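[1] No sequence on hand, only this structure:
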């Protein structure tokens, strides 16, 4: 059973926080990357991880809205994170030292799908739902 709108909105707050965190990091000309993660194309791995996390956070709200982890909730999470990735790549075109990258968007999309269809589902199946 779906929740009241106010409870659903609260469930989307973690996704909002995640999106703000991604925006903050992508606003930096040179984001701090731990030395252990500095290797050829490591930024693609970091993009995928960030968007897998964002999709998982969106899935929390989508599950509250739909009442289950069905395909519509998973699709919402994947599309939501991917669309945010598109807007973030555009945003980076205005940041000195950064730019739009189709390869970054591919990594964002791959991470979003991984989060929405695999990782997020595994996490949320083990996370008990709150009673309505």
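    Right, received. Where do you want to start? Computed from a prediction, not measured in an experiment: that's the story for all the values here.

[2] next SSE after the helix of greatest length in the chain?
    Assignment by DSSP state H gives helix 42-66 as the longest helix of the chain. Once helix 42-66 ends, the next helix or strand along the chain (criterion: DSSP states H and E) is helix 71-92.

[3] For that next one, name the packing helices and strands.
    helix 13-26, helix 42-66, helix 102-114, helix 120-126 (3 or more Cβ pairs under 8 Å, 6 or more residues apart in numbering; DSSP states H and E). (Glycine included, C-beta is placed from N, CA and C.)

[4] any idea of the angle the second one forms with helix 13-26?
    Compare the direction of helix 42-66 with that of helix 13-26 by axes from the mean of the first three to the mean of the last three Cα atoms, to 10 degrees and you get 160 degrees.

[5] chain center to helix 42-66: distance?
    3 Å (Cα atoms, centre = their mean, to the nearest Å).

[6] Can you mark which positions in that helix are buried?
    Residues of helix 42-66 classed as buried: 43-44, 46-66 (neighbour count, 16 or more other Cβ atoms under 10 Å).

[7] likewise the third one?
    By neighbour count, with 16+ other Cβ under 10 Å as the criterion, the buried positions of helix 102-114 are 104-105, 107-114.

[8] Reformat the residues you listed as CSV; add distance to residue 124.
    Formatted as CSV, the buried residues of helix 102-114 follow (distance: Cβ to Cβ, whole Å):
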residue, distance to residue 124
104, 27
105, 26
107, 23
108, 21
109, 21
110, 20
111, 17
112, 15
113, 16
114, 14
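
[9] Next, the contact list for the spatially most central residue of the chain, please.
    With distances taken as Cα atoms, centre = their mean, residue 54 lies nearest the centre of the chain, 1.8 Å away. Neighbouring residues of residue 54 by Cβ atoms under 8 Å, 6 or more residues apart in numbering: 15, 18-19, 22, 80-81, 84, 111-112, 115.

[10] ok, it to residue 93 distance?
    Separation of residue 54 from residue 93 (Cβ to Cβ, to the nearest Å) stands at 20 Å.
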